[in-house]
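Peer 1: Return atomic coordinates for the entry below.
(4 chains)
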Protein chains: 2
Amino acid sequence: MPEFSPRQNEVLEQALRLLVEGGEKALTTSGLARAANCSKESLYKWFGDREGLLAAMIAYQASKVRTQERSGERLTAPLLRDHLELFARDLLEVLSGDVSLALNRLAIGQSHREGSKLGKLLLEHGRRQIDRRAMALMDQGKRAGLLRFDNADAAYHTLYGLIVSDLHVRMLIGEPGLKDNARQAQKAVDAFLVLHGTHNQSADAQRASAGR
Amino acid sequence: MPEFSPRQNEVLEQALRLLVEGGEKALTTSGLARAANCSKESLYKWFGDREGLLAAMIAYQASKVRTQERSGERLTAPLLRDHLELFARDLLEVLSGDVSLALNRLAIGQSHREGSKLGKLLLEHGRRQIDRRAMALMDQGKRAGLLRFDNADAAYHTLYGLIVSDLHVRMLIGEPGLKDNARQAQKAVDAFLVLHGTHNQSADAQRASAGR
DNA sequence: TAGGAACGGAACCGTACGGTACGGTACGTG
DNA sequence: CACGTACCGTACCGTACGGTTCCGTTCCTA
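Peer 2: Alright, predicted model coming up:
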């Protein structure tokens, strides 16, 4: 996995800024060289190619967002709910971030070309972390007898759909995000626990959390 | 609402073909004129502008997909389930269609520019039909005592999330679609009925539909 | 049959891109 | 001091785009 020098990181930061502010067409080699006070020749020496630059931007951004693996404390039903809600809020926050949206738009715009290499990269670097966190939560919940499902992956996709619905695509198209991510996270987790929770932890917890 | 002449429709058809096959950068005025055997001058006379052309493509594509409004027959629980599953399958089919994906990519690529006009157009023309169909189904189900929810819109978004999850974005990025849309539709509707159905129609219907 | 609207084909213009090459400069090293 | 390295700034090249203009042809109509 390639690491970059401080100077190169600085350039990549400017590249992300340009992309966020003006979209793909604002991210030109000349524009980046001007904005980052570097020469085009250096850009091509460092990243080889425009596509190389884009890939480097994705790798750089991914390297900035490290999610800490939550270690295995003993889970209780309210604790599981809290962790699920935290995950949901974090997911919504990540997806609605400026840089995330810009990179996703970039990958989508490039998707028809050459096997969607950028898209693969984006999913791999950007989503693997958060997917693993969710899957670990699924697994812990099941082992603690608090969740029931046959297929952890399917259950996770259900949770994801409940949290995000069509919000991601809408934001990609340009609509504003939710006004209250926390409320959406709470409702999604409530529904998820109805579907995959044990006990009737759903109903009473719903009432208990009404005051939040 | 502008209508187009047969010749213009023919040109728009070619434009959609170019867009599907090569993405946004393949849809050039020169290329379209060549592919459609027309002159660039005519393109500009008819559509005024490149953005006008894109808008016309969206309007044209929307005009091709007319969903028939299902009139109000008397709903039973299995009938509601069938209608919901049919809706889910249709939704998955629409979202995974070549032209739909290409137009969504186009709108997303354009989203940073000029108030995301294309995105609004796409959502309005493309989604209004299917949204209304779903909302009508929600409403009928509730009035027949088969569904329970406070907010029909929220319930619909739940259904949408259960059906689509992150599939739409993945397909936009270039990943292949599901191998079995019908199975996904069935599981999504099962979950939705657990959340918002009355009776315990969910469990037995799940067993009854296991042989499909 | 004359005239005009509609249209296809092609040349053209200004611009901006990705990518390359060249001169100049700061700096570390023998 | 001489030399190499790494870099910046800029000029440059080939290409391709969106958009405009001009001309020849077809076809409809009076």
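Peer 1: near DNA strand C, which residues of chain A?
Peer 2: Proximity of chain A to DNA strand C, by Cβ under 7 Å from any atom of the strand, involves residues A:25, A:27-31, A:39-41, A:44, A:49-50. (Glycine included, C-beta is placed from N, CA and C.)
Peer 1: go again using 10 Å as the cut-off
Peer 2: A:22, A:24-34, A:39-45, A:47-54 (Cβ under 10 Å from any atom of the strand).
Peer 1: where in chain A is pLDDT low?
Peer 2: Within chain A, the ranges that satisfy pLDDT under 70 run A:1-2, A:67-72, A:115, A:200-212.
Peer 1: hang on, the earlier thing: PyMOL command to pick out the buried ones of the residues of chain A next to DNA strand C?
Peer 2: With 16 or more other Cβ atoms under 10 Å in any protein chain shown as the criterion, this PyMOL line picks the buried residues out of these:
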select buried, chain A and resi 24+26+27+32+33+43+47+53+54
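Peer 1: Quick one: list the elements packing against the longest helix seen in chain A.
Peer 2: Scanning chain A for the helix with the most residues, using DSSP state H, yields helix A:77-95. Judged by 3 or more Cβ pairs under 8 Å, 6 or more residues apart in numbering or on different chains; DSSP states H and E, the packing partners of helix A:77-95 are helix A:128-143, helix A:152-164, helix A:167-173, helix A:181-196, helix A:201-208.
Peer 1: Could you export the following helix or strand past that helix as PDB, CA atoms only?
Peer 2: Next helix or strand after helix A:77-95 toward the C-terminus (DSSP states H and E): helix A:98-109. Taking Å, rounded to 0.1, in the frame of the first residue of the first chain, the C-alpha atoms of helix A:98-109 are listed here in PDB:
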ATOM      1  CA  ASP A  98     -18.700  16.600   1.800                       C
ATOM      2  CA  VAL A  99     -15.600  14.700   0.900                       C
ATOM      3  CA  SER A 100     -17.400  11.300   0.900                       C
ATOM      4  CA  LEU A 101     -20.100  12.600  -1.400                       C
ATOM      5  CA  ALA A 102     -17.600  14.200  -3.700                       C
ATOM      6  CA  LEU A 103     -15.600  11.000  -4.000                       C
ATOM      7  CA  ASN A 104     -18.600   8.900  -4.500                       C
ATOM      8  CA  ARG A 105     -19.800  11.300  -7.300                       C
ATOM      9  CA  LEU A 106     -16.300  11.000  -8.800                       C
ATOM     10  CA  ALA A 107     -16.300   7.200  -8.800                       C
ATOM     11  CA  ILE A 108     -19.900   7.100 -10.200                       C
ATOM     12  CA  GLY A 109     -18.900   9.500 -13.000                       C
END
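Peer 1: How far off centre is the longest helix of chain A?
Peer 2: For helix A:77-95, the separation from the chain centroid amounts to 13 Å (computed by Cα atoms, centre = their mean, to the nearest Å).
Peer 1: Using PDB, write down the CA coordinates of that helix.
Peer 2: Output of helix A:77-95 as PDB, limited to C-alpha atoms (Å, rounded to 0.1, in the frame of the first residue of the first chain):
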ATOM      1  CA  ALA A  77     -29.700  -5.300  25.500                       C
ATOM      2  CA  PRO A  78     -29.500  -1.500  26.200                       C
ATOM      3  CA  LEU A  79     -25.800  -1.500  25.400                       C
ATOM      4  CA  LEU A  80     -26.400  -3.200  22.100                       C
ATOM      5  CA  ARG A  81     -29.000  -0.700  21.300                       C
ATOM      6  CA  ASP A  82     -26.700   2.100  22.100                       C
ATOM      7  CA  HIS A  83     -23.900   0.700  20.000                       C
ATOM      8  CA  LEU A  84     -26.300   0.200  17.100                       C
ATOM      9  CA  GLU A  85     -27.600   3.700  17.300                       C
ATOM     10  CA  LEU A  86     -24.100   5.100  17.500                       C
ATOM     11  CA  PHE A  87     -23.200   3.100  14.400                       C
ATOM     12  CA  ALA A  88     -26.200   4.400  12.600                       C
ATOM     13  CA  ARG A  89     -25.400   8.000  13.500                       C
ATOM     14  CA  ASP A  90     -21.800   7.500  12.400                       C
ATOM     15  CA  LEU A  91     -22.900   5.900   9.200                       C
ATOM     16  CA  LEU A  92     -25.200   8.800   8.400                       C
ATOM     17  CA  GLU A  93     -22.500  11.300   9.200                       C
ATOM     18  CA  VAL A  94     -19.900   9.600   7.000                       C
ATOM     19  CA  LEU A  95     -22.300   9.300   4.100                       C
END
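Peer 1: Would you check how far apart A:Q8 and chain B are?
Peer 2: Going from A:Q8 to chain B by Cβ to the nearest Cβ, to the nearest Å gives 25 Å.
Peer 1: no wait, A:L159
Peer 2: For A:L159, the distance to chain B - Cβ to the nearest Cβ - is 9 Å.
Peer 1: swap in A:Q140?
Peer 2: Taking Cβ to the nearest Cβ, one finds A:Q140 at 22 Å from chain B.
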